[in-house]
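Student: Model the structure of this input:
(chains A and B)
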Amino acid sequence: GAGVSQSPSNKVTEKGKDVELRCDPISGHTALYWYRQRLGQGLEFLIYFQGNSAPDKSGLPSDRFSAERTGESVSTLTIQRTQQEDSAVYLCASSLGGGLPTDTQYFGPGTRLTVL
Amino acid sequence: AQSVTQPDIHITVSEGASLELRCNYSYGATPYLFWYVQSPGQGLQLLLKYFSGDTLVQGIKGFEAEFKRSQSSFNLRKPSVHWSDAAEYFCAVVPYSGSARQLTFGSGTQLTVLP
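Tutor: Below is the predicted model of the structure:
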């Protein structure tokens, strides 16, 4: 079956511009996660959606970052007024949901964002 | 403090040699344990996971991992490495009483395979 897909795969933008990154989760997965991976570093949690519940935004680094999810499908991560330190790979994951610790996350290929 | 540690930043092995990647955790109760692999330009792929039961877990691509409670470890192994195994490997945990939202990754081990 289809896995998690993300678009674009690469995005180059100029400092100060806004960008939108898209994630299509696995069909039937009610939970969706966004992570950031800076060069040479591990994954940094950004935001978590579970069904129709209010998202857990505790990992968003600043108010320039926001994310939305339409029902239990597509999600977009928006970064406003991009800065050079926003350059990273942005990974999306989805899982069946329910919040149990055994709920395994499946990752997309990521979007590599470069801010010039 | 709760943590997951991968002591080896970079490991180099020859093709055909055996491999062991280390992962240690520090949690009050045994967490749920995962290994992911990230190939160049790819996302993270789940190799295997341990929730309970048999302490030797089989995964995809010929990998296995052994959970050792006494050592708080969950090391990844492969008897014979292939050139295509060159990638970065991440150990990850979810606290026993936590939720999937709390998936925490180690810093990763970069594997180089020599011909």
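Student: For the spatially most central residue of chain A, give me its contacts.
Tutor: In chain A, the residue lying closest to the centroid (Cα atoms, centre = their mean) is residue A:34, at 2.9 Å. For residue A:34, the contact set (Cβ atoms under 8 Å, 6 or more residues apart in numbering or on different chains) comprises A:23, A:45-48, A:67, A:75, A:77, A:90-92. Placement of C-beta: from N, CA and C, glycine included.
Student: Enumerate every residue touching residue B:34.
Tutor: A:104, B:46, B:48-50, B:91-94, B:103.
Student: Take the residues you listed and keep only those in strands.
Tutor: B:46, B:48-50, B:91-94 (DSSP state E).
Student: Could you work out the most separated pair of those residues?
Tutor: Using Cβ to Cβ, the ones in strands among the contacts of residue B:34 span at most 14.4 Å, a distance reached by B:48 and B:94.
Student: Spell out which residues of chain B are next to chain A.
Tutor: Contacts of chain B with chain A, taken as Cβ under 8 Å from any Cβ of the partner chain, map to B:31-32, B:34, B:36, B:41-46, B:49, B:51, B:90, B:94-103, B:105-108.
Student: out of these, which are buried?
Tutor: B:31-32, B:34, B:36, B:43-46, B:49, B:51, B:90, B:94-95, B:98-103, B:105-108 (16 or more other Cβ atoms under 10 Å in any protein chain shown).
Student: Identify the residue nearest residue 14 in space, chain neighbours excluded?
Tutor: This is for chain A. Distances taken as Cβ to Cβ, 6 or more residues apart in numbering or on different chains place residue A:116 nearest to residue A:14, at 5.4 Å, with adjacent residues excluded.
Student: hmm, I had chain B in mind actually
Tutor: That would be residue B:114: by Cβ to Cβ, 6+ apart, it lies 4.7 Å from residue B:14.
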